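>>> Based on what follows, work out the 3D shape:
(2 chains)
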Amino acid sequence: EPEVTQTPSHQVTQMGQEVILRCVPISNHLYFYWYRQILGQKVEFLVSFYNNEISEKSEIFDDQFSVERPDGSNFTLKIRSTKLEDSAMYFCASSNLADTQYFGPGTRLTVL
Amino acid sequence: GEDVEQSLFLSVREGDSSVINCTYTDSSSTYLYWYKQEPGAGLQLLTYIFSNMDMKQDQRLTVLLNKKDKHLSLRIADTQTGDSAIYFCSVMDSNYQLIWGAGTKLIIKP
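Residues are numbered from 1 along each chain as shown, chains lettered A, B, ... in the order given. As a prediction, the model looks like this:
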């Protein structure tokens, strides 16, 4: 069964460094998403992406965040200058239509 | 904006039925989902229901939707130890974003 994959599973970085979180969505899906879950808090929507552009973004997704689909398979989330409060689990999801979203296993980001 | 609420814990005996409840605020929500998260793992889609349905059954899982009360429930029949996980209620808003509850931790007693 096709699934969403994410790498790395755990990323540790120093405050102020740039990180790139990678996702490979399900191959025939057209919509891509990033969510995050800070430890002990609710899952929060960050951004959705369709047709090579951002379709929606939350107020969390400020100028330090960017997303890209550099080729036909990867979907990346870049955080330019990480802060301590960016420490969270980051989930990528994809959907065929704008309905049921399938999630990857997540990347745990730890900012020191 | 949309808000989704769940109780944080549910404890049931192995073999009993578990019922996890969820309330939401946006009556225009189209799709409502239940996801399962096991320790250290990602968000696994369990089941979903479209807003024009009252009930959906899938093997041991039964989803009930009461649109008038904006109440969604997930019933797991014959609960097993492998059902131990956090169960998230999630609702799609008018911008196709998923709004999440805090998750209900299901604890199985032998």
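>>> For chain B, just list every one of the helices.
For chain B, helices defined by DSSP state H do not occur.
>>> just the strands in chain A please.
A:5-7, A:10-13, A:19-24, A:31-37, A:43-50, A:53-57, A:65-68, A:75-79, A:88-95, A:102-103, A:107-111 (DSSP state E).
>>> For B:Phe50, which of those strands is the nearest?
strand A:88-95 (14.5 Å; C-beta to C-beta). Placement of C-beta: from N, CA and C, glycine included.
>>> Paired strands for that closest one, with orientation please.
strand A:31-37 (antiparallel), strand A:102-103 (antiparallel), strand A:107-111 (antiparallel) (DSSP bridges).
>>> Spell out which residues sit in contact with A:Ser42, please.
To be clear, residue A:42 is Lys; Ser isn't right here. B:Trp100, B:Gly101, B:Ala102, B:Gly103 (C-beta atoms under 8 Å, 6 or more residues apart in numbering or on different chains).
>>> Among those, which lie within strands?
Those of the contacts of A:Lys42 lying in strands (DSSP E): B:Trp100.
>>> quick one: which of the contacts of A:Lys42 is nearest chain A?
Comparing these against chain A with C-beta to the nearest C-beta places B:Trp100 closest, at 4.1 Å.
>>> shouldn't the closest one be in contact with B:Tyr87?
No: taking contacts as C-beta atoms under 8 Å, B:Trp100 lies outside contact range of B:Tyr87: 11.3 Å.
>>> Pairing-wise in the sheet, spell out the partners of A:Ser66.
With DSSP bridges as the rule, A:Ser66 is bridged to A:Lys78.
>>> residues near it, how many?
14 (other C-beta atoms under 10 Å in any protein chain shown).
>>> Give me the pLDDT for it.
What the model reports as pLDDT for A:Ser66 is 97.
>>> again with A:Pro2
pLDDT for A:Pro2: 80.
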